[in-house]
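Q: Please find the sequence and the predicted model below.
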Amino acid sequence: MTTGAVMDAGLGAAVEERLIGKVAGPAGGPTLLCVAGIHGNEPAGVHAVRRVLASLERRRGALEGSLVALAGNMTALEVGQRFVDRDLNRAWTRDRLEQLRGDGLAGASVEDVEQVELLEEIENVLRDARGPVYALDLHTTSGPGGIFSAFTDSLPHRAFAAKVPIPMIFGLEELVDGTLLNLLSENGVVALTVETGQHDEPEAIDRAEAALWIAIMSAGLLPERLVPEAAEARERLRRDAGHLPRALEMRYKRDVVDGDGFEMRPGYLNFQSVRAGDIVADDNRGEVTVSEHGRLLMPLYQEQGEDGFFLVREFPAFWMGVSHVMRRVGLSRVAFWLPGVVRVAGSKDEVVVNKRVARFFARQLFHLLGFRQLEDAGSSLRMRRRRFDESRYLSEPPAPTSLGTPLGSD
Ligand SMILES: [Zn+2]
């Protein structure tokens, strides 16, 4: 039995500089921003980007555009913990960023400093961009089998995600506020989060590397003929995740708050099927059961973290095609005229849906049409049409704006 938790820090990956590396081709082109280790106990991504940067360097002459890799939470990576004072991937909201900018950093928490520095580096990347910007945010999970992607469901984002042959999780943004992924997505960056397995398994590095090679090709940095790693990358991910459903929607999140005594029962895997009534955890009030059938995602097997587990449910990949067509022909406009739907005054994208009138179609239909849920107030839903549902903006860089005041905010 070892004592000192730091000795067990698994793959470990302290970084000296926030900019892990950058490889830029001779001419302009798209930018792929890769963020690794925004959670400090998830170092697999850092190792993966180092491997890819070294290998890509030798192909610099053929590269169109650039790959920029940033370390997320440097202090937490150093100590091998998810975070020091607070989760760095939960406060990327406009209000919080404005506050951080305004307050100065005297007396700030470790993550306040990390966030301001990371934000500056990201804004540098956006400012330097001369073409579209893509982002890949690399993570791992505390429980085994966590291999999937998550994204905001605009069509270009979905297309980027679809290139990586692992389960695609829809709707995470409705249950988890303030992620970096969300902020980037709302600012015209085609962003994708990829989870590549358990924190400390070496295979998590291989899968992160595979995802990164695929992202490099999908973003248009290199044609496939110059990426001999391509076939193996897809093969690797299919071998490890091909038995899992391709498309799943988020259904539920169990929040964990300090002192509620939440503890996952041992042995649950990512994507494990559960039925209503199954006891999956315990807390101070007793047994914790799941309320509907589905699959578990990200069961919490580490001390730090605000999410006990998620419940997801697969849906036929067929519906992805349906929703693609609905949006391409502009059906989202029709949504505003449906019974029980009221447009929010002063907004072109927000609606309130009366669930009693529209209960048969409300949430699912609006999802298909490209809306996200902002709030479920019991008898009504507040939904907002996602920005950037068209590929048009992919021909240009995001406006060089401060991320604290997102482009197109209204
Ligand atoms: Zn993470």
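A: Nice, thanks for sending it over.
Q: what about residue 218, how many neighbours?
A: 20 (other Cβ atoms under 10 Å). The C-beta positions use only the backbone N, C-alpha and C, and glycine is treated the same way.
Q: go on, residue 80?
A: Neighbour count of residue 80, defined by other Cβ under 10 Å: 22.
Q: What separation do you get for it and residue 325?
A: Counting by Cβ to Cβ, to the nearest Å, the gap between residue 80 and residue 325 amounts to 47 Å.
Q: The chain: helices as residue ranges?
A: Under the criterion DSSP state H, helices of the chain are mapped to 44-57, 74-79, 94-103, 110-128, 155-162, 172-175, 180-185, 202-218, 230-241, 318-328, 362-368.
Q: can you give me the mean pLDDT across the longest one?
A: Mean pLDDT, computed over helix 110-128, is 93.
Q: any residues touching that helix, and which ones?
A: Contacts of helix 110-128 from elsewhere in the structure, counted by Cβ atoms under 8 Å, 6 or more residues apart in numbering, are 18-19, 31, 33, 35, 38, 68, 70, 72-76, 83-88, 91-92, 97, 100-101, 105, 108, 133, 184, 187, 189, 397-398, 400-403.
Q: what's around the nearest residue to residue 194 once chain neighbours are set aside, how many residues?
A: Nearest residue to residue 194 in three dimensions, chain neighbours excluded: residue 211, at 4.6 Å (Cβ to Cβ, 6 or more residues apart in numbering). The local packing count at residue 211 equals 28, with neighbours defined by other Cβ under 10 Å.
Q: can I assume residue 211 is in contact with residue 164?
A: Yes. Contact criterion Cβ atoms under 8 Å: residue 211 and residue 164 qualify, at 5.4 Å.
Q: Which neighbours do those two have in common?
A: Residues touching both residue 211 and residue 164 (Cβ under 8 Å, 6+ apart) are 194, 237.
Q: now the contacts of helix 110-128: which count as buried?
A: Buried members of the contacts of helix 110-128, scored by 16 or more other Cβ atoms under 10 Å, are 31, 33, 35, 38, 68, 70, 72-76, 83-84, 86-88, 91-92, 97, 100, 133, 184, 187, 189, 397-398, 401, 403.
Q: Close to the ion: what parts of the stretch 201-350 of the chain are there?
A: The interface of the stretch 201-350 of the chain toward the ion, taken as Cβ under 5 Å from the ion, is empty, with no residues included.
Q: For residue 169, which residues are in contact?
A: Applying Cβ under 8 Å, 6+ apart, we find residue 169 in contact with 148-150, 248-250, 297, 312.
Q: Tell me the bridge partners for it.
A: Residues in a beta bridge with residue 169, per DSSP bridges, are residue 150, residue 248.
Q: Identify the residues contacting the residue of the stretch 301-410 of the chain found nearest the ion.
A: With Cβ to the ion as the measure, the residue in the stretch 301-410 of the chain that lies nearest the ion is residue 305; the distance is 9.0 Å. Residues near residue 305 by Cβ under 8 Å, 6+ apart: 82, 87, 142, 256.
Q: Would you mind checking which of those is nearest to the ion?
A: Closest to the ion out of the contacts of residue 305 is residue 82 (7.4 Å), distances taken as Cβ to the ion.
Q: ok, so what distance separates that closest one from residue 141?
A: The span separating residue 82 from residue 141 equals 11 Å under the rule Cβ to Cβ.
Q: Same drill for the two, tell me which one is more crowded.
A: When residue 82 is set against residue 141 and neighbours are counted by other Cβ under 10 Å, the residue ahead is residue 141, at 24 against 20.
Q: Would you check that that one makes contact with residue 198?
A: Yes. With contact taken as Cβ under 8 Å, residue 141 and residue 198 are classed as touching, separated by 6.3 Å.
Q: since we're on residue 246, how many residues are nearby?
A: Using other Cβ under 10 Å, residue 246 has 16 other residues around it.
Q: Identify the residue nearest it in space, chain neighbours excluded?
A: residue 317 (5.0 Å).
Q: Look up how far residue 295 lies from that neighbour.
A: 16 Å.
Q: Compare the two and say which is more crowded by neighbours.
A: Under the neighbour definition other Cβ under 10 Å, residue 317 and residue 295 were set side by side, and residue 295 has more, 21 against 12.
Q: contacting residues around the more buried one?
A: 248, 271-274, 311-314.
Q: List only buried entries from those residues.
A: Buried, going by 16+ other Cβ under 10 Å: 248, 271-272, 274, 311-312, out of these.
Q: Can you tell me which of the residues you listed end up in strands?
A: When the buried ones among the contacts of residue 295 are checked against strands using DSSP state E, the ones located there are 248, 274, 311-312.
Q: Could you tell me which of the buried ones among the contacts of helix 110-128 belong to strands?
A: Restricting these to those inside strands, with DSSP E as the criterion, leaves 31, 33, 35, 68, 70, 133.
Q: and residue 127, how many residues sit next to it?
A: 12.
Q: One more: the one 4 residues further on?
A: The criterion is other Cβ under 10 Å. On that basis, residue 131 has 19 neighbouring residues.
Q: Check what pLDDT it gets.
A: We note a pLDDT of 91 for residue 131 in this prediction.
Q: same deal with residue 144?
A: In this model, residue 144 is scored at 94, pLDDT.
Q: swap in the one 10 residues further on?
A: According to the prediction, residue 154 has pLDDT 87.
Q: do the one 3 residues further on as well
A: Here the pLDDT value assigned to residue 157 is 92.
Q: can you check residue 358 too?
A: 68.
Q: try residue 270
A: Confidence at residue 270, expressed as pLDDT, is 96.
Q: and it, what does it touch?
A: Remark: with contacts taken as Cβ under 8 Å, 6+ apart, residue 270 is in contact with 141, 143-148, 296-299.
Q: And residue 158, by the same measure?
A: 151, 168, 320, 324.
Q: Tabulate those residues (CSV), appending neighbour count and pLDDT.
A: Output for those, formatted as CSV (neighbours: other Cβ atoms under 10 Å; pLDDT from 0 to 100):
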residue, neighbour count, pLDDT
151, 26, 94
168, 22, 96
320, 17, 83
324, 15, 84
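Q: Now tabulate those in JSON lines and tack on distance to residue 54.
A: Formatted as JSON lines, these follow (distance: Cβ to Cβ, whole Å):
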{"residue": "151", "distance to residue 54": "28"}
{"residue": "168", "distance to residue 54": "30"}
{"residue": "320", "distance to residue 54": "36"}
{"residue": "324", "distance to residue 54": "37"}
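Q: All set now, cheers.
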